[in-house]
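In: Got a sequence here, can you model it:
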Amino acid sequence: MNRTIAMLVLGFASLSANAAETAGTKNSVVAQVNGTPISEVAFLRALAQATAAGASDSTELRTLVRSQLIARELFLQQAKKLKVDDDDRVKQAVTEARENAMMQVFLQRSVKPKAVKEEEVRKHFDSIKAGLGEQEYKPRIMLLQDEGTARSVLAQLRSGGSFDELARLYSGAPSAARGGELDWISFKSPVVEGKTQGIPLPVAQAVVKLKKGMLAADPIQAAGRWYLVQLDDVRPTIVPDYESVKASLRRMLEARELERAAETLVKDLLANAKVQ
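Out: Model prediction:
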């Protein structure tokens, strides 16, 4: 159960499974959590919601969705044990919404992230500032399943296809819903591993070589995946004032601590659960 799963289960209202779905036959069950089945119907429903939101159907996505549903069931079982029914949000909800409300109450009571101190925010700001290069870039990326698909989509782009539209259709990256668009990023050149603001090193190396409006000539392979890259814009790096960004940096660090706390909770529950 990785950190991505732990973070996603914090917003589980969209990945729901009603009683009729969880009571499937043996042949239609994708998992059992402490004896409670998760049906294939529930799994396919959650998968459809994920793909409708822009994710590409893949083995990785299916594994993630199954893990999310297992975590959801674990949370729901714990919520019932803690008898959160007395919470007003639960009392006012019905059917499927009631289960979601129970889970949210349980998470709010059980996930205890570490408080973020002012010096931690400042340290993070100084670290980001130290890693900035002279230029900052506004790229678009597509994450494709294999080289063949990457080259096929690249051919469409060369024939006048829209990066925005094709990214929404083919990309498996979180930015797919935005047409592959990333936020402004900056890093020192030459680019080195660990200082790329979270994007793969080969992708960052390609970005700094592109000029405004250019598309990378070939698909880029990184960690067994294939990327297409286009640079929308480039400009001299703008270093923001600490006071203007510290609130957003704090929210980001708080979200990271929330993710870590959720990950710990999921691991603890899994250690004491019977999952088949």
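
In: can you tell me how far Met103 sits from Leu82?
Out: 11 Å (Cβ to Cβ, to the nearest Å). C-beta coordinates here come from the backbone N, C-alpha and C atoms, glycine included.

In: oh sorry, the question was meant for Ile199
Out: 41 Å.

In: So for the two, which sits in the more crowded spot?
Out: Neighbours were counted for Ile199 and for Leu82 using other Cβ atoms under 10 Å; Ile199 has more, 20 against 13.

In: what's near enough to touch that one?
Out: Listed by Cβ atoms under 8 Å, 6 or more residues apart in numbering, the contact set of Ile199 reads 141, 182, 185, 207.

In: Closest one to Pro240 out of the residues you listed, please.
Out: Ile185 (14.0 Å; Cβ to Cβ).

In: Report all helices and strands that the one helix or strand Glu254 maps to contacts.
Out: Applying DSSP states H and E as the criterion places Glu254 in helix 242-271. On a contact count with 3 or more Cβ pairs under 8 Å, 6 or more residues apart in numbering; DSSP states H and E, helix 242-271 meets helix 3-8, helix 59-81, helix 118-130.

In: the inter-axis angle of that helix versus helix 118-130?
Out: 110 degrees (axes from the mean of the first three to the mean of the last three Cα atoms, to 10 degrees).

In: mean confidence score for helix 242-271?
Out: Helix 242-271 shows a mean pLDDT of 85 in the predicted model.

In: Looks to me like Ile141 is in a strand.
Out: Yes: counting by DSSP: H, G, I helix; E, B strand; the rest coil, Ile141 falls inside a strand.

In: what sits opposite it in the beta ladder?
Out: Val229 (DSSP bridges).

In: who's in contact with it?
Out: 167, 171, 173, 175, 180, 182, 199, 203, 227-230.

In: so of the residues you listed, which ones are in strands?
Out: 227-230 (DSSP state E).

In: Please spell out the ChimeraX selection for the buried subset of these.
Out: The buried residues among these can be selected in ChimeraX (16 or more other Cβ atoms under 10 Å) with this line:
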select :227,228,229,230
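
In: The ones in strands among the contacts of Ile141 into TSV, with extra columns for distance to Glu193 and pLDDT?
Out: Output for these, formatted as TSV (distance: Cβ to Cβ, whole Å; pLDDT from 0 to 100):
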residue	distance to Glu193	pLDDT
Tyr227	16	95
Leu228	21	96
Val229	18	97
Gln230	23	97
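
In: burial measure for the spatially closest residue to Leu201 that is not a sequence neighbour, as a count.
Out: Of all residues not flanking Leu201 in the chain, Glu193 sits nearest, at 5.1 Å (Cβ to Cβ, 6 or more residues apart in numbering). The number of residues packed near Glu193 is 8, by other Cβ under 10 Å.

In: Where does Glu193 sit: helix, strand or coil?
Out: coil.

In: wait, it sits on Ala204?
Out: No: Glu193 is beyond contact range of Ala204, at 9.3 Å (criterion: Cβ atoms under 8 Å).

In: re earlier: just the angle between the helix holding Glu254 and helix 59-81, please?
Out: Going by the same axes, to 10 degrees, helix 242-271 makes 80 degrees with helix 59-81.

In: ok now helix 242-271, how far from the chain's centre?
Out: Offset of helix 242-271 from its chain centre (Cα atoms, centre = their mean, to the nearest Å): 13 Å.
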